[in-house]
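K.L.:
requesting a structural model of the entry that follows:
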Amino acid sequence: MKNRSFIFIISLLIIGVNANAQSEKPKNILLICIDDLRPELASFGAEHIHSPNIDQLAKKGRPFLNHFVNAPSCGPSRYTLLTGTYGPARNDALFQRATLITKAHTNQRPTMPEWFKKHGYTTVSVGKVSHHPGGLGGADWNDEQVIEIPNAWHRNLMPVGPWQHPRGAMHGLANGSIRSKEKGTMDVYEARADKGDTYPDDLIIEQALIELETLTTTSDNPFFLAVGIIKPHLPFGSPKKYLDLYEDSVFPENPYPNKPQGKSTWHPSGEMMQYNLWEKDVFNDTDFALELRKYYAACVSYADAQVGRILKKLKETGANKNTIVVLWGDHGWNLGEHGIWGKHNLFDVALKSPLIIYTPTMEQPGKKATGIVETLDIFPTLCDLTGLPKAEFSQGSSLIAMLENPLQSGHAAVSYLQNAQSIRVPRYRLIAHDNEYMELYDYESDEKEKRNIANEHPEKIAELKLLLRAKINQVR
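P.N.:
Here you go, the predicted model:
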């Protein structure tokens with residue numbers, strides 16, 4: 001009897017040691033990047049959107065309803081995410097940095113994946129995480145001598161299948177269809193009904209699932225796995241079952257249907273104009289506009305399904321119990337707001353994107369944080385969550401306080417184009433053009449972004465200019 005009691009006590013001690021070892025094990029990171037994803041998701045208030053997998057993550061994690069990116073374009077926005085610093089407002093910002101490392105031999109501050117790599121993490125990238133899917137340059141984005149983020153990844157992967165190369169996959173439709181350089185040759189949308197039809201994201205997720213299995217079964221090191229989903233980026237192509245979800249859906253009215261009066265960062269939607277629009281007027285044909293919104297929504301639901309596949313695999317491996325999950329959209333996307341179809345502007349629609357952070361020890365799961373935050377904050381937050389030394393060069397603010405208490409206030413968010421900078425605070429957005437022209441919008445007014453009130457509030461302009469200047473001294 002005494003022997004049984006002794007064995008029982010020893011067993012409890014072993015269980016306790018194992019539990020402590022598990023709790024002390026460094027946390028993994030799963031970063032999911034989604035291209036051109038505006039926060040038009042059910043969990044962010046858009047009830048007409050079918051996004052069950054992202055919504056489930058939001059219920060378990062912390063959705064940040066007022067997350068703003070630092071640039072309304074893929075390249076510079078991802079530069080900020082991956083470096084934790086403000087940077088050039090150019091799509092080739094990371095390649096410029098790489099050139100300084102590989103050709104000019106200048107020291108550069110480590111990127112976020114490199115920082116985690118230096119601290120014992122296995123770092124893997126699959127899909128579009130940096131500006132080019134797969135992180136390579138060259139004419140077809142597959143030149144292994146031109147690396148977008150040197151020293152960052154143990155493996156940087158981009159399966160291309162019938163799309164031949166990453167450039168083809170980036171702007172591809174089903175079954176290997178590649179956008180021609182000739183304008184108007186690829187349809188702006190499609191919905192394929194045949195079983196077996198594939199899109200580039202299908203291959204990206206299949207590879208990501210393989211990497212998850214490998215990372216959780218063959219190594220004792222913690223992992224930093226970044227997965228980049230391409231849709232809903234143009235062209236709006238997805239399996240038809242996702243479009244069918246929206247056959248009878250009622251979409252909300254466009255709050256800003258017209259081009260702004262006066263100077264602004266409005267543009268003529270050149271990205272959309274590269275595609276075949278069947279000679280329809282995207283700016284004035286309301287039926288066509290609704291059709292485009294439905295195809296975009298279908299791509300969102302398709303991307304959501306890919307998120308579901310990743311999270312399901314994470315749970316199957318058991319790594320979900322020790323993995324921080326970050327879901328991030330690289331910027332918003334105007335679906336006709338302000339007369340724009342695309343991004344590349346400094347209005348809220350182009351700058352606001354979804355951000356969800358989940359931790360295995362989440363406090364108040366599902367509670368929504370409404371304070372303003374920016375992409376710049378993700379790097380220091382992940383350092384805090386994993387117990388890594390803070391990267392002192394990172395220019396953001398850790399979101400730990402808001403993860404613990406969603407009622408915590410946020411901070412001003414800076415965004416920029418090459419010829420204008422903007423700052424967003426809870427009530428106002430100031431857009432300062434390089435020629436000193438100012439735009440000011442009041443979000444507590446009924447007009448919001450319909451009317452520039454800069455001339456009526458010189459004192460507010462002066463206040464926000466000082467705040468912008470204090471932050472923007474770090475930019476570019």
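K.L.:
distance check, the closest residue to Q145 other than its chain neighbours against P166.
P.N.:
Closest residue to Q145 apart from its sequence neighbours, by CB to CB, 6 or more residues apart in numbering: G138 at 7.8 Å. C-betas here are computed from N, CA, C, even on glycine. G138 sits 9 Å away from P166, taking CB to CB, to the nearest Å as the criterion.
K.L.:
same drill for the two, tell me which one is more crowded.
P.N.:
Looking at G138 and P166 with other CB atoms under 10 Å, you find the greater number of neighbours at P166, namely 24 against 14.
K.L.:
can you tell me which residues contact that one?
P.N.:
For P166, the contacting residues are 132-134, 136, 140-142, 158, 160, by CB atoms under 8 Å, 6 or more residues apart in numbering.
K.L.:
quick one: which of those residues is most hemmed in?
P.N.:
Most crowded among those, counting by other CB under 10 Å, is P133 at 30 neighbours.
K.L.:
next one: phi and psi at H233?
P.N.:
For H233, the backbone dihedrals are phi -60, psi 150 (criterion: degrees, to the nearest 10).
K.L.:
and it, what does it touch?
P.N.:
Applying CB under 8 Å, 6+ apart as the definition, the contact partners of H233 turn out to be 35-36, 170, 299.
K.L.:
that's a helix at V146, yeah?
P.N.:
No. With DSSP: H, G, I helix; E, B strand; the rest coil as the criterion, V146 is located in strand rather than a helix.
K.L.:
for S43, see how far away it is.
P.N.:
Relative to S43, V146 is positioned 38 Å away (CB to CB).
K.L.:
compare these two (neighbour count), which wins?
P.N.:
Between V146 and S43, S43 has the larger neighbour count (other CB under 10 Å), namely 22 against 16.
K.L.:
in contact with that one, which residues?
P.N.:
51, 54-55, 58-59, 63, 356.
K.L.:
what about those residues, which are in strands?
P.N.:
Among the contacts of S43, the residues falling in strands (DSSP state E) are 63, 356.
K.L.:
now do the contacts for K259.
P.N.:
Residues in contact with K259, defined by CB under 8 Å, 6+ apart, are 266, 338-339.
K.L.:
so for it, what's the pLDDT?
P.N.:
For K259, the model assigns a pLDDT of 95.
K.L.:
one more: I14?
P.N.:
With respect to pLDDT, I14 has a value of 41.
K.L.:
cool, and A21?
P.N.:
With respect to pLDDT, A21 scores 40.
K.L.:
which parts of the stretch 51-200 of the chain are strands?
P.N.:
62-68, 122-127, 136-137, 143-147, 155-157, 189-192 (DSSP state E, counting those that start in this stretch).
K.L.:
okay, the second one in CSV with CA atoms only?
P.N.:
In this case it means strand 122-127. Written as CSV, here are the backbone C-alpha positions of strand 122-127 (Å, rounded to 0.1, in the frame of the first residue of the first chain):
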residue,chain,number,x,y,z
THR,A,122,12.7,28.2,-36.9
THR,A,123,11.3,30.8,-39.3
VAL,A,124,9.3,29.8,-42.4
SER,A,125,7.4,31.8,-44.9
VAL,A,126,4.8,30.4,-47.3
GLY,A,127,3.0,32.5,-50.0
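K.L.:
ramachandran coordinates for the residue most central in space within the chain?
P.N.:
Relative to the mean C-alpha position of the chain, the nearest C-alpha, by CA atoms, centre = their mean, is the one of G329, at 2.3 Å. G329 has phi and psi values of phi -100, psi 140 when expressed as degrees, to the nearest 10.
K.L.:
rewinding a little: you'd agree the residue nearest to Q145 is up against V146?
P.N.:
Yes. At 5.4 Å, G138 counts as touching V146 under the criterion of CB atoms under 8 Å.
K.L.:
quick one on the thing from earlier: just the ones in helices from the contacts of S43, please.
P.N.:
Helix and strand membership here follows DSSP state H; of the contacts of S43, those in helices are 54-55, 58-59.
K.L.:
and of those residues, the nearest to N284?
P.N.:
Within these, proximity to N284 (CB to CB) peaks at I54, which comes in at 32.8 Å.
K.L.:
tell me the confidence at the closest one?
P.N.:
The per-residue pLDDT reported for I54 equals 98.
K.L.:
could you check how far it is from T102?
P.N.:
Distance, I54 to T102, using CB to CB: 37 Å.
K.L.:
what do you get for R179?
P.N.:
For R179 relative to T102 (CB to CB), the value is 29 Å.
K.L.:
the two: who's more crowded?
P.N.:
Between R179 and T102, R179 has the larger neighbour count (other CB under 10 Å), namely 19 against 13.
K.L.:
excluding sequence neighbours, find me the nearest residue to that one.
P.N.:
Spatial nearest neighbour of R179, excluding adjacent residues (CB to CB, 6+ apart): H171 at 3.9 Å.
K.L.:
touching, the one you found and P235? I think so.
P.N.:
Yes. Proximity of H171 to P235 meets the contact threshold set by CB under 8 Å, at 6.9 Å.
K.L.:
joint contacts of those two?
P.N.:
Common contacts of H171 and P235, defined by CB under 8 Å, 6+ apart, comprise 179, 186.
K.L.:
looking at those two, which one has more neighbours?
P.N.:
When neighbours are counted by other CB under 10 Å, H171 and P235 differ, and P235 comes out ahead with 22 against 19.
K.L.:
burial measure for E182, as a count.
P.N.:
Using other CB under 10 Å, E182 has 8 neighbouring residues.
K.L.:
and it, how far from Q274?
P.N.:
For E182, the distance to Q274 equals 10 Å [CB to CB].
K.L.:
again, but for I204
P.N.:
Counting by CB to CB, the gap between I204 and Q274 amounts to 23 Å.
K.L.:
and for H165?
P.N.:
Going from H165 to Q274 by CB to CB gives 19 Å.
K.L.:
and if you look at T80?
P.N.:
Spatial separation of T80 from Q274 under the definition CB to CB is 26 Å.
K.L.:
so between the two, which is more surrounded?
P.N.:
Here T80 and Q274 are compared on neighbour count by other CB under 10 Å; more neighbours surround T80, at 27 against 20.
K.L.:
OK, contacts around the more buried one?
P.N.:
Contacts for T80 (CB under 8 Å, 6+ apart) come out as 69-71, 86-87, 375-376.
K.L.:
export those residues as CSV, with columns for distance to K367.
P.N.:
Below are the contacts of T80 laid out as CSV (distance: CB to CB, whole Å):
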residue, distance to K367
V69, 23
N70, 25
A71, 29
Y86, 30
G87, 32
T375, 21
L376, 23
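K.L.:
top of the residues you listed by neighbour count?
P.N.:
Highest neighbour count within these, by other CB under 10 Å: A71, with 32 neighbours.
K.L.:
for the nearest residue to that residue once chain neighbours are set aside, list the residues it contacts.
P.N.:
In this structure, A71 finds its nearest non-sequential neighbour in S77, 4.8 Å apart by CB to CB, 6+ apart. For S77, the set of contacting residues under the criterion of CB under 8 Å, 6+ apart consists of 69-71, 330-331, 375.
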